[in-house]
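Undergrad: This is a predicted model, with the sequence first.
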Amino acid sequence: MALAVGMRVLTRALLRPWARGLRVAPGRTGPAAGGGDGMRCFGSPRVLVEPDPAAGVAVVKMRNPPVNSLSLEFLTELLISLEKLENDKTFHGIILTSDCPGIFSAGLDLTEMCGRKPEHYVEYWKAVQETWLRFYLSNLVVIAAINGVSPAGGCLLSLTCDYRVLANNPKYTIGLNETLLGIVAPFWFKDTMVNTIGHRATERALQLGLLFPPAEALRVGVVDQVVPEDQVQSTARSVMAQWLAIPDHARQLTKTLMRKPTADRLLTERDADIQTFVRFICRDSVQKSLHAYLEKLKQKKG
Ligand SMILES: CCCCC/C=C\CCC/C=C/CC(=O)SCCNC(=O)CCNC(=O)[C@H](O)C(C)(C)COP(=O)(O)OP(=O)(O)OC[C@H]1O[C@@H](n2cnc3c(N)ncnc32)[C@H](O)[C@@H]1OP(=O)(O)O
């Protein structure tokens with residue numbers, strides 16, 4: 001039932017004008033294309049997929065410049081790429097990384113949550129929910145190669161992965177910083193963080209909107225490994241090999257066992273969660289905070 005609802009959201013998204021033609025955007029043969037067996041990079045304008053069929057792995061590169069903000073279009077393209085890889089028996093694992101220098105993802109796109117109509121907020125929030133559910137419950141091994149800063153929704157996306165490797169650069173902070181924007185991380189953001197670093201550490205991190213630099217992120221457990229910047233991709237590949245050595249069915253069932261209760265909570269409260277989001281985001285005070293935050297970002301330049 002829940003899956004059917006998810007499929008409807010995805011199908012509706014695919015029917016949108018900007019989503020047409022996204023299914024296959026054949027490109028150059030990828031550098032990681034498995035020893036020239038002819039499998040090409042594919043993807044869409046904002047998501048580049050570099051397949052390595054020999055290894056059963058695909059590198060999914062987010063490229064929604066300037067900051068990989070998670071816009072509706074971008075989320076839809078990510079979902080399409082994920083679905084395509086999941087439906088292709090060649091692939092057992094994904095490395096999720098960024099093609100935007102210094103930025104993994106700036107999180108949810110603030111312009112999707114500012115000055116729009118309630119119907120837009122409904123559509124956007126459904127896509128955010130769907131992305132979280134699909135990545136969190138993916139049967140594939142998903143490893144985040146975090147090669148840039150990763151606040152809020154960017155951090156959440158990485159928390160849906162099975163393992164996080166972060167580049168050791170003090171600028172590459174990671175965390176759920178929603179309170180700093182005057183907004184609140186929804187319960188499933190919070191649950192995902194609790195499952196990763198525990199209740200007390202989450203309570204502190206979320207209330208203070210902490211963005212952890214690499215050493216702190218490792219200490220608290222937001223990431224699993226911190227490595228020199230030029231070793232992020234190779235480390236993600238070695239970790240992937242280790243995870244893929246485990247019998248797939250046993251690993252997948254264990255993942256489901258661990259994650260399903262958390263996902264079920266959102267699945268049963270999905271509509272209520274949308275209503276909560278729309279009510280919250282439509283508040284004058286919240287809109288003012290978000291506008292002010294966006295303005296601050298823009299003024300930073302000048
Ligand atoms: C009681 C129950 C309540 C239930 C409530 C329900 C829901 C509410 C919660 C919703 C959850 C939200 C989660 C989120 O993800 S919110 C987004 C949080 N993101 C951030 O705080 C990051 C903001 N960005 C930055 O800090 C920086 O941009 C950076 C990522 C560190 C990169 O810095 P830099 O390289 O210097 O780039 P610029 O700052 O100059 O940015 C370039 C360009 O991009 C625009 N931009 C940046 N971030 C976003 C974004 N998240 N969305 C949209 N646009 C963004 C920025 O404004 C610049 O634009 P211009 O070139 O036009 O100036």
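TA: Done, it's in.
Undergrad: Close to the ligand: what parts of the protein are there?
TA: 66-67, 69, 103, 106-111, 149, 151-153, 177-178, 181, 183-184, 186, 276-277, 280, 294, 297-298, 300-301 (Cβ under 6 Å from any ligand atom). The way it works is simple: take the backbone N, C-alpha and C, and place the C-beta from them, glycine included.
Undergrad: Tell me which of those residues fall in strands.
TA: I103, V149, P151 (DSSP state E).
Undergrad: Could you give the number of residues near R200?
TA: 9 (other Cβ atoms under 10 Å).
Undergrad: nope, L133 is what I was after
TA: 23.
Undergrad: Could you measure from it over to L159?
TA: As judged by Cβ to Cβ, to the nearest Å, L133 and L159 stand 13 Å apart.
Undergrad: So E178 versus Q129, what's the distance?
TA: Distance from E178 to Q129, by Cβ to Cβ: 16 Å.
Undergrad: go on, Q252?
TA: For Q252 relative to Q129 (Cβ to Cβ), the value is 22 Å.
Undergrad: L85 too?
TA: Per Cβ to Cβ, L85 is found 20 Å from Q129.
Undergrad: And for P118?
TA: 16 Å.
Undergrad: Name the residue in those two with the higher neighbour count.
TA: Q129 (21 against 12).
Undergrad: was I right about the more buried one contacting A272?
TA: No: at 11.5 Å, Q129 and A272 do not qualify as touching, with contact defined as Cβ atoms under 8 Å.
Undergrad: can you give me the helices in the stretch 51-200 of the chain?
TA: Taking DSSP state H, counting those that start in this stretch as the test, the helices found in the stretch 51-200 of the chain are 72-86, 118-136, 153-159, 187-197, 199-208.
Undergrad: actually the stretch 201-302 of the chain, not the one I typed
TA: Under the criterion DSSP H, counting those that start in this stretch, helices of the stretch 201-302 of the chain are mapped to 214-220, 232-244, 248-268, 270-282, 284-299.
Undergrad: Could you export the second one as PDB, CA atoms only?
TA: This means helix 232-244. The C-alpha trace of helix 232-244 is given here as PDB (Å, rounded to 0.1, in the frame of the first residue of the first chain):
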ATOM      1  CA  VAL A 232      37.400   9.900  -0.300                       C
ATOM      2  CA  GLN A 233      36.400   8.100  -3.500                       C
ATOM      3  CA  SER A 234      38.900   5.300  -3.200                       C
ATOM      4  CA  THR A 235      38.000   4.700   0.400                       C
ATOM      5  CA  ALA A 236      34.300   4.600  -0.500                       C
ATOM      6  CA  ARG A 237      35.200   1.900  -3.100                       C
ATOM      7  CA  SER A 238      37.100  -0.200  -0.600                       C
ATOM      8  CA  VAL A 239      34.300   0.000   1.900                       C
ATOM      9  CA  MET A 240      31.900  -0.900  -0.800                       C
ATOM     10  CA  ALA A 241      33.900  -4.000  -1.700                       C
ATOM     11  CA  GLN A 242      33.700  -5.100   2.000                       C
ATOM     12  CA  TRP A 243      29.900  -4.600   2.100                       C
ATOM     13  CA  LEU A 244      29.400  -6.400  -1.200                       C
END
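Undergrad: could you flag which of the ones in strands among the residues of the chain next to the ligand are buried?
TA: I103, V149, P151 (16 or more other Cβ atoms under 10 Å).
Undergrad: Just list the residues touching the first one, thanks.
TA: Read that as I103. P66, V67, N68, G148, V149 (Cβ atoms under 8 Å, 6 or more residues apart in numbering).
Undergrad: State the number of residues packed around the fourth one.
TA: When neighbours are counted by other Cβ under 10 Å, G148 registers 26.
Undergrad: G102 and P170 touch, don't they?
TA: No: with contacts counted by Cβ under 8 Å, G102 stays clear of P170, the gap being 11.8 Å.
Undergrad: Counting neighbours, go ahead and name the busier of these two.
TA: Per other Cβ under 10 Å, whichever of G102 and P170 has more neighbours is G102, with 14 against 8.
Undergrad: In contact with the more buried one, which residues?
TA: Residues near G102 by Cβ under 8 Å, 6+ apart: N147, G148, V149, N169, K171, Y172.
Undergrad: Next up, phi/psi of the fourth one, please.
TA: Note on N169: its backbone torsions stand at phi -140, psi 120 [degrees, to the nearest 10].
Undergrad: Tell me the spatial nearest neighbour of it, not counting adjacent residues.
TA: Take N169 and drop its neighbours on the chain: the residue closest to it by Cβ to Cβ, 6 or more residues apart in numbering is E229, 5.7 Å away.
Undergrad: Take the ones in strands among the residues of the chain next to the ligand and write them to CSV, including pLDDT and distance to T76.
TA: Below are those laid out as CSV (pLDDT from 0 to 100; distance: Cβ to Cβ, whole Å):
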residue, pLDDT, distance to T76
I103, 98, 20
V149, 98, 23
P151, 98, 22
